[in-house]
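Undergrad: sequence and computational prediction follow.
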2 protein chains.
Amino acid sequence: MFHHILVVDNEPELLELVDYNLAQADLRATCAISGLEALKHLNEQTFDLVILDIMMDGMDGFSVLERIRNGAMEMPVILLSAKHEVDSKIRGFGLGADDYVTKPFSPSELVARVQAHLRRTHKTASIEQMISYSYGNMRLNPAAQMLYKNNQAIPLSATETKMLLALMKRPNQTVPKIQLFEEVWGHSNYDENSINVYMNFLRKKIEDDPRQPRYIQTVWGLGYLLTGEAE
Amino acid sequence: MFHHILVVDNEPELLELVDYNLAQADLRATCAISGLEALKHLNEQTFDLVILDIMMDGMDGFSVLERIRNGAMEMPVILLSAKHEVDSKIRGFGLGADDYVTKPFSPSELVARVQAHLRRTHKTASIEQMISYSYGNMRLNPAAQMLYKNNQAIPLSATETKMLLALMKRPNQTVPKIQLFEEVWGHSNYDENSINVYMNFLRKKIEDDPRQPRYIQTVWGLGYLLTGEAE
DNA sequence: GTATGATTTTAAGAATGCTTTAAGAGAATT
DNA sequence: AATTCTCTTAAAGCATTCTTAAAATCATAC
């Protein structure tokens, strides 16, 4: 669960210093050497937090901050500046900044501040927001290891989840057993028995009548197929 | 709608100065001249934010901060100190502070920072600081550490409250154990045993039959889930 | 139809993760 | 200072999941 941080400054050495210290704290950083480059990144990716120098050539930090907030982006923004003037700080907070750190600063203090802001904003994030796969009247949430069939929740084990996921990624396509094994067990000492046994577990859980599989069809000599006529 | 701020410092002049400046910005302040007095206020009223001096006679700011967080109070805390040392700052942020301002400081900068924190917390906090969380036939009042189940009051400890709160914030979503630990214990020396033990405490209190949990479901290999069919 | 090999089912042990209990340290309260 | 409550730590017992193996069933081809 890595956080993604955008660092914007004109000075390459500073970028490097901050990048290094963030990495030490398990935080992933993307660096931008100018305001324009920052905006480009902001359009292309999402960030959990932005560290933004004010005094930059071209587009300055205040302008970048304005764009961020006007674009309805709500991640915390920490302003960086050599300016100690209170007016500059007031202006920054007024534009929607969350913090204002003056240069020179201690990298570890900056990291501590970053973590404090992330702690606050990222509490409610949850795995539910992750991708879930839908098919017919089934919806699989891999992160929660939970299958919803007609809105009835069916808990799956880790292996069952991986197996169903492999099929759900390719609806109506036959997935060969060897490939299924690769995706579920990861390694290559192919053991067909494991697949057979787990297919049985899975069907017991998801099929109304495991003897008359409606969702997972067997393709003889090949593998399995998640079929469509679920309705 | 006025925000209520607790200001804690040994120096009466500083209290007065801060009080005045907060009032200018339409913020209502309550002052405490010592750590103990601060705790008294915190027990009696709720605050939207705390400004807390570190170096105080008797109980110091770090201790007060610890009590605040251990008591499941989640309002932003701004530490105030003449100490510029990075270690002191790191310690403060580590204990759950949101900001650290060094003396002497500009009153208007402090006010700007207060507003920045209130702006941030108030978006989510309107939900979070809500007097109570409801789910099915349960209602949790985090501030009072009290759970009402079918209008029967069940007192919870601080840790139990934080744990149930973490689940109640995401009904029907699996909360991984690691995330649960983060939210309840705040730091990152993940200890699974603590979670297990406290889940047991919690279930004993809230489940009719702890052996047959109806509210909190276990998701094997992952975490826990507050389930919906509470009716 | 019967033989053959592939698939399904069942079952048991090992490995892993969860629940429960209990005891002692530490705070808060009286 | 004694008592109660909360929190931490450790360990034993349980439950589920995973693996392995073997028996039962089924589909196809001869």
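TA: Received it, and whenever you're ready, just let me know what you need.
Undergrad: not counting sequence-adjacent ones, nearest residue to the residue in chain A positioned nearest to DNA strand D?
TA: Going by Cβ to the nearest atom of the strand, DNA strand D is nearest to residue A:157 of chain A, at 3.3 Å. The way it works is simple: take the backbone N, C-alpha and C, and place the C-beta from them, glycine included. Once flanking residues are discounted, residue A:157 sits nearest to residue B:220: 6.3 Å by Cβ to Cβ, 6 or more residues apart in numbering or on different chains.
Undergrad: over to the residue lying closest to residue A:47 once chain neighbours are set aside. Which of the three states is it?
TA: Distances taken as Cβ to Cβ, 6+ apart put residue A:6 closest to residue A:47, at 4.5 Å, once the chain neighbours are dropped. When classified by DSSP: H, G, I helix; E, B strand; the rest coil, residue A:6 comes out as strand.
Undergrad: tell me what residue A:6 is bridged to.
TA: Bridge pairing for residue A:6 (DSSP bridges) gives the partners residue A:30, residue A:50.
Undergrad: burial measure for it, as a count.
TA: When counting by other Cβ atoms under 10 Å in any protein chain shown, one arrives at 24 neighbours for residue A:6.
Undergrad: what sits against it?
TA: By Cβ atoms under 8 Å, 6 or more residues apart in numbering or on different chains, the residues touching residue A:6 are A:29-32, A:38, A:41-42, A:47, A:49-51.
Undergrad: ok, now how distant is residue A:11 from residue A:202?
TA: 56 Å (Cβ to Cβ, to the nearest Å).
Undergrad: more neighbours: which of those two?
TA: Between residue A:11 and residue A:202, counted using other Cβ under 10 Å, the more crowded position is residue A:202 (24 against 12).
Undergrad: in a helix, that one, correct?
TA: Yes. Under three-state DSSP, residue A:202 falls within a helix.
Undergrad: show the pLDDT at the closest residue to it other than its chain neighbours.
TA: The shortest distance from residue A:202 to any non-neighbouring residue, by Cβ to Cβ, 6+ apart, is to residue A:160 (5.2 Å). Model confidence at residue A:160, given as pLDDT, is 94.
Undergrad: with residue A:93 instead?
TA: At residue A:93, the pLDDT value in this model is 97.
Undergrad: any idea how far residue A:217 is from the spatially most distant residue from the centre of chain A?
TA: Here chain A reaches farthest from its C-alpha mean at residue A:211, the gap being 39.0 Å by Cα atoms, centre = their mean. Computed as Cβ to Cβ, the residue A:211 to residue A:217 distance reads 13 Å.
Undergrad: in chain A, which spans are strands?
TA: With DSSP state E, the ranges of strands along chain A come out as A:3-8, A:27-32, A:49-53, A:77-81, A:99-102, A:133-135, A:138-141, A:146-149, A:152-155, A:174-176, A:216-219, A:223-226.
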